[in-house]
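*Asks:* here is my input; please provide its structure:
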Amino acid sequence: MSLVYVSASVGEMLISGLDLVLSAVTARLIRKRMVSPARWFAVGIVCVGIVLVGLADFLSSGSSSDDHEESGVRYSKQDSITGILLIIGQCVCAVLQDMLDELFMHEGDFP
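*Replies:* Numbering: from 1, shown residues only. Predicted coordinates:
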């Protein structure tokens, strides 16, 4: 649903980056795993990239020189915000599902 409101390239960058960032955060906060300072530094770099991609998409939406115009599709600023929020929600749900799957598999006593 989120790709209706943002371009596929922006959506893929946001989804990939947010999955990585949220996985590191949930590993530390919920699973209580240690994350090395080098990995936190890398997560910070990914966060900067996510912000830049989201901001660039938001600022370019609705402009007359929009790259989306070539394909005949134009996104408004509201569409861009909606798409980014849907992507964030999608990533949060996916990371929580992965964490719960890991907890279930780890806690379960399977033969």
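*Asks:* please identify the buried residues of the biggest helix by length in the chain?
*Replies:* With residue count as the measure and DSSP state H as the assignment, the chain has helix 77-107 as its longest helix. For helix 77-107, the neighbour count (16 or more other CB atoms under 10 Å) marks 79-84, 86-88, 90-91, 95, 99 as buried. All C-beta atoms are positioned from the backbone trio N, CA, C, and that covers glycine.
*Asks:* which ones are touching the closest residue to residue 79 other than its chain neighbours?
*Replies:* In space, residue 79 comes closest to residue 5 once its chain neighbours are excluded; the distance is 4.3 Å by CB to CB, 6 or more residues apart in numbering. Under the criterion of CB atoms under 8 Å, 6 or more residues apart in numbering, the neighbours of residue 5 are 75, 79-80, 82-83, 86.
*Asks:* who touches residue 51 in this structure?
*Replies:* For residue 51, no residue counts as a contact, taking CB under 8 Å, 6+ apart as the criterion.
*Asks:* which other helices and strands contact the lowest-mean-pLDDT helix or strand in the chain?
*Replies:* Lowest by mean pLDDT, DSSP states H and E among the helices and strands of the chain is helix 77-107, with a mean of 88. With contacts defined as 3 or more CB pairs under 8 Å, 6 or more residues apart in numbering; DSSP states H and E, the packing partners of helix 77-107 are helix 8-29, helix 37-60.
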